[in-house]
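1. sequence and predicted model, in that order:
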Amino acid sequence: MRPDLPASAPGEPIPLWYVLPDGFHPVDLAADPQPRMEESFDRLAVVHPSATTDQLVAGVLSFESALARMVADGLVHFSSFALRTEDEGLLTGLCQIFVVDRAPGDPNLYPRQVLKAQRTDDAASAPHRAIVPLPCGPAAVTVCDRVVPVPGACFGVAADGATEVRSVTFDIAFPGTPEAAALTLTTEALEYEEEFLEIATLVAAGISFTPPTDAPSPDLDVSVATGGPNAGEDIRSVFG
């Protein structure tokens, strides 16, 4: 799969490919936003039947505004995911891929540069950080929990709120250009840490900077497409 480029993006394709497991639902960033907004409105109306029209409109417009800002910052992929766990729980969250500029230099040294830039003197608030090998090259991995403020205006209500989320970010340098891919998965389902880290590593292992040699089969197993059935053990073994 290639990134979904917005209509305003340069015509030169980005040399980035990725594989998404079943249960991921991408947003077409190059599509006309009007149909997407209508679909979002209808979907919110089903999920929140007691919400007023003004609240639904506020939610849709807030999402589109945030999406536009992220595209301006280099977003090339955005999707939501909903996956059943072995105990019949539901792991939900968001997946984003950004393409960002990096300083020229050896791409293999980029992960160390990322981790060095993230260092903090406050050990208590420092996230988990490590470098893990992926099929496309070494990646700086950051796992952290944080409380995210939720402005009430985003949902057409007066009161502001907050939610605790867990995120994992993989920073990987493009091999031939001074750019990098930043893959981030986020979830509010903190109780499914192991499953979350496993699916995040599977997505990261599916990133490639070279085109696939053969068209993937429609029933291609995710473990084959992402570098092996044990790919998820890398990050879980690092962070326990």
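-> Happy to help now that I have it. Note that this is a predicted model, so its numbers are computed, not measured.
2. these two touch, right, residue 163 and residue 189?
-> No: under the contact definition of C-beta atoms under 8 Å, residue 163 does not touch residue 189, with a separation of 11.4 Å. Placement of C-beta: from N, CA and C, glycine included.
3. of these two, who's got more company?
-> Taking neighbours as other C-beta atoms under 10 Å, residue 163 and residue 189 compare with residue 189 leading, 17 against 10.
4. distance check, the more buried one against residue 63.
-> 20 Å (C-beta to C-beta, to the nearest Å).
5. pLDDT below threshold where in the protein?
-> Counting by pLDDT under 70, the chain contains low-confidence residues at 1-12, 120-126, 150-160, 214-240.
6. for it, just list every one of the strands.
-> Counting by DSSP state E, the chain has these strands, from start to end: 24-26, 75-84, 90-101, 128-134, 137-150, 161-173, 179-187.
7. tell me what angle the fourth one forms with strand 161-173.
-> Going by axes from the mean of the first three to the mean of the last three C-alpha atoms, to 10 degrees, strand 128-134 is angled at 40 degrees with respect to strand 161-173.
8. pull out the buried positions in strand 128-134.
-> Under the neighbour-count criterion of 16 or more other C-beta atoms under 10 Å, strand 128-134 has 129-132, 134 buried.
9. same check on the first one?
-> By 16+ other C-beta under 10 Å, the buried positions in strand 24-26 come out as residue 24.
10. partners of that strand, with directions?
-> strand 75-84 (antiparallel) (DSSP bridges).
11. equivalent analysis for the third one, please.
-> Its sheet considered, strand 90-101 pairs with strand 75-84 (antiparallel), strand 179-187 (antiparallel) by DSSP bridges.
12. export the ones you listed to TSV and append columns for mean neighbour count and distance to residue 138.
-> Supplementary listing: those in TSV, determined by neighbours: other C-beta atoms under 10 Å; distance: least, C-beta to C-beta, whole Å:
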stretch	mean neighbour count	distance to residue 138
strand 75-84	18	21
strand 179-187	21	12
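13. between those, which gets nearest to residue 15?
-> Minimum separation from residue 15 across those (C-beta to C-beta) falls at strand 179-187, 9.2 Å.
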